[in-house]
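K.L.:
here is my input, please return the structure:
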Amino acid sequence: MQHDFAVRIANRGDLKALINIYPQLQPDDPALALDDAERIWEQISHYPGSGIFVGLVSDILVSTCTLIVVPNLTRGGAPYGLIENVVTHAFHRRQGYGQAVLRAAIASAWNSRCYKVMLLTGSKEPTTLKFYRDVGFEQNKTGFQIRQIPARA
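P.N.:
Presented below is the predicted three-dimensional model:
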């Protein structure tokens, strides 16, 4: 990892870079207009504890994930965290940036009193599964989903 690497929560000024990195996660998704991205970013920012975490090398966005903190009426009212949209730019993979961004999101979830943090991956790639295990995630539950948009191949 380079010395000029930093992780922080995204701001409105990061939206163009986010729009540019997300196709590496879902290449077939339709492009998102900046106006739409601004509206969605505003919605995410209203969820206490939630945010889009970005990893930057020399102020260039190289990695990101989204944390949503969900209020909860069980577990003594402790919320839980959901992580989505984990992606590192192809030229910057296997350098620790993705793990650093995930660790920052997890730490933020703990600071928000979350009792657990969950994520799903459709990947069966051993390297992807190892990536999540190396950050501390356990593959110990059965996940179900119902989709309106088809899963990627």
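K.L.:
and the longest helix along the chain, what's buried?
P.N.:
Longest helix in the chain, counting residues (DSSP state H): helix 97-111. By neighbour count on 16 or more other Cβ atoms under 10 Å, the buried set for helix 97-111 is Tyr97, Gly98, Gln99, Ala100, Val101, Leu102, Ala104, Ala105, Ile106, Ser108, Ala109. The way it works is simple: take the backbone N, C-alpha and C, and place the C-beta from them, glycine included.
K.L.:
could I get the average pLDDT for it?
P.N.:
The average pLDDT for helix 97-111 rounds to 97.
K.L.:
on contacts alone, who are the packing partners of that helix?
P.N.:
Judged by 3 or more Cβ pairs under 8 Å, 6 or more residues apart in numbering; DSSP states H and E, helix 97-111 is in contact with strand 5-9, strand 51-57, strand 60-70, strand 80-88, strand 117-119, helix 126-135.
K.L.:
can you do 7 Å?
P.N.:
Judged by 3 or more Cβ pairs under 7 Å, 6 or more residues apart in numbering; DSSP states H and E, the packing partners of helix 97-111 are strand 5-9, strand 51-57, strand 60-70, strand 80-88, helix 126-135.
K.L.:
any idea what the residue nearest in space to the middle of the chain is bridged to?
P.N.:
With distances taken as Cα atoms, centre = their mean, Cys65 lies nearest the centre of the chain, 1.8 Å away. Note on Cys65: beta-bridge partners Phe53, judged by DSSP bridges.
K.L.:
quick one: Arg113 from Val101, how far?
P.N.:
From Arg113 across to Val101, the span is 21 Å (Cβ to Cβ, to the nearest Å).
K.L.:
cool, Ala6 as well?
P.N.:
Applying Cβ to Cβ, the value for Ala6 to Val101 is 10 Å.
K.L.:
same question, Gly143
P.N.:
22 Å.
K.L.:
swap in Phe91?
P.N.:
Distance, Phe91 to Val101, by Cβ to Cβ: 16 Å.
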